[in-house]
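Asks: Turn this into a model:
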Amino acid sequence: MSNKQIKIRDVAMAAGVSESTVSRVLSGNKRISEKTRQKVMKIVDEMGYRPNAIATSLARNRSNSIGIVIPDSDNEFYSTTFFQEALRGISTVVSDNGYDVLISSGRPDEVTALKELVARCKVDGVILMRSHIKDQSIRFLHESKFPFVLIGTSVEYDDVYSVDNDNFGAAFELTKHILGQNRRNIAFIGGGSNFVYTMERLRGYEKCIESNGAELRKEYVRLDIDTVRKAYEAMSELLQLKRRPDAVIITDDTVCAGIMDSIRQNKLNIPDDIAVASFNDSLYNRLSIPPITSISVNSIELGRKAAETICRILSGDSVDIKNIRVDFRLLARDSTILNRLP
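Replies: The predicted model follows:
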């Protein structure tokens, strides 16, 4: 049965409830029990029922809201400055365009939350804050033809509106900077291997190592390091290798504290014994002793560009560039530079 043929009565019959109950579930009526809500939403998902969210929203004079989803499992959203600053950029632009930001939380995963937002017509459009490999959120929104913009890069679809940095180029430049400080044994500690930006930064690091005649060593790479504790353990393992790294690149500065603690516990000096560099240029990087070399991804501008794009889409204006690139900056500091002049 195609999506166009499915009616609300089909969902009601399959779920064994009335059409009014289905309507109440889709509208977010709090009087509906969680058990009934889950049963109905399961049928909605299985049957592929999609009310025309855009038309319904227009009939209601629009929701005037842009949706952002924070899954329960995503503690990183609250801890990293990237998301906080990107949200600042988003909020400023959508407010100037007469929209509010609706942050959806409390659902176990992003796709579940998105399906409910779309089915209930809670938002006019969505901004996805990052991209996964084989991203189910992108797939759902793309197939639903629901307006959205991605902060990140879609691997599966080339027609998705997106805003991103050149993560490959940023990691290449950062690695080249460290090689220029006469370091040849550079380790790489990355976040989730299911994130597109992690793998792009890994590619940039590997390409730079190979292009400059240094040895690419598999034992120097650690992925899926997403907590301070895991970072501490990963760094400690690297420091026990027979050929100890003389530098380390970290793809997310939320775990830098674990790296620094491990180095100091091993009574090593930064940068004399080991250079440290990271991404996102948080306050921690700037105030650390020594201050940490970092790539600034310009999070606020990423948020602003994503918000400008979704507002243009919703207003019916043409968007000339589907894949917008925001410049990054390499901020060289004392954590990588030997013999800096006073």
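
Asks: Give the next helix or strand downstream of the helix or strand containing residue 22.
Replies: Element membership for residue 22, per DSSP states H and E: helix 19-26. Later in the chain than helix 19-26, the nearest helix or strand by DSSP H and E is helix 34-47.

Asks: and that next one, what other elements does it pack with?
Replies: The contact analysis (3 or more C-beta pairs under 8 Å, 6 or more residues apart in numbering; DSSP states H and E) places helix 34-47 against helix 8-15, helix 19-26, helix 110-119. Any C-beta I mention is one placed from the backbone N, CA and C, and that applies to glycine too.

Asks: Could you grab the helix/strand/coil label for residue 174?
Replies: helix (DSSP: H, G, I helix; E, B strand; the rest coil).

Asks: Kindly provide the distance from the residue nearest the centre of the chain to residue 20.
Replies: Among the residues of the chain, the one closest to the centroid is residue 130, at 2.5 Å (C-alpha atoms, centre = their mean). Per C-beta to C-beta, to the nearest Å, residue 130 is found 38 Å from residue 20.

Asks: Show me what the mean pLDDT comes to for the helix holding residue 22.
Replies: On average, the pLDDT along helix 19-26 is 76.

Asks: which outside residues touch that helix?
Replies: Applying C-beta atoms under 8 Å, 6 or more residues apart in numbering, the contact partners of helix 19-26 are 8-9, 11-12, 15, 31-32, 36-37, 40-41, 44, 51, 119-121.

Asks: Next up, phi/psi of residue 211, please.
Replies: Backbone geometry at residue 211, expressed as degrees, to the nearest 10, gives phi -70, psi -20.

Asks: hmm, back to that, mean neighbour count, the helices and strands packed on helix 34-47: which tops it?
Replies: helix 110-119 (a mean of 22; mean count of other C-beta atoms under 10 Å).

Asks: which residues of the stretch 51-200 of the chain fall in helices?
Replies: Counting by DSSP state H, counting those that start in this stretch, the stretch 51-200 of the chain has these helices, from start to end: 53-59, 76-79, 81-96, 110-119, 136-144, 167-179, 196-211.

Asks: tilt between the last one and helix 81-96?
Replies: Spelled out, that is helix 196-211. 130 degrees (axes from the mean of the first three to the mean of the last three C-alpha atoms, to 10 degrees).

Asks: and helix 196-211, what does it pack onto?
Replies: Using 3+ C-beta pairs under 8 Å, 6+ apart: helix 196-211 touches helix 167-179, strand 186-189.

Asks: which residues touch the next helix or strand after it?
Replies: Following helix 196-211 in sequence order, the next helix or strand is strand 221-222 (DSSP H and E). With contact meaning C-beta under 8 Å, 6+ apart, strand 221-222 is reached by 187, 188, 189, 190, 202, 234, 237, 238.
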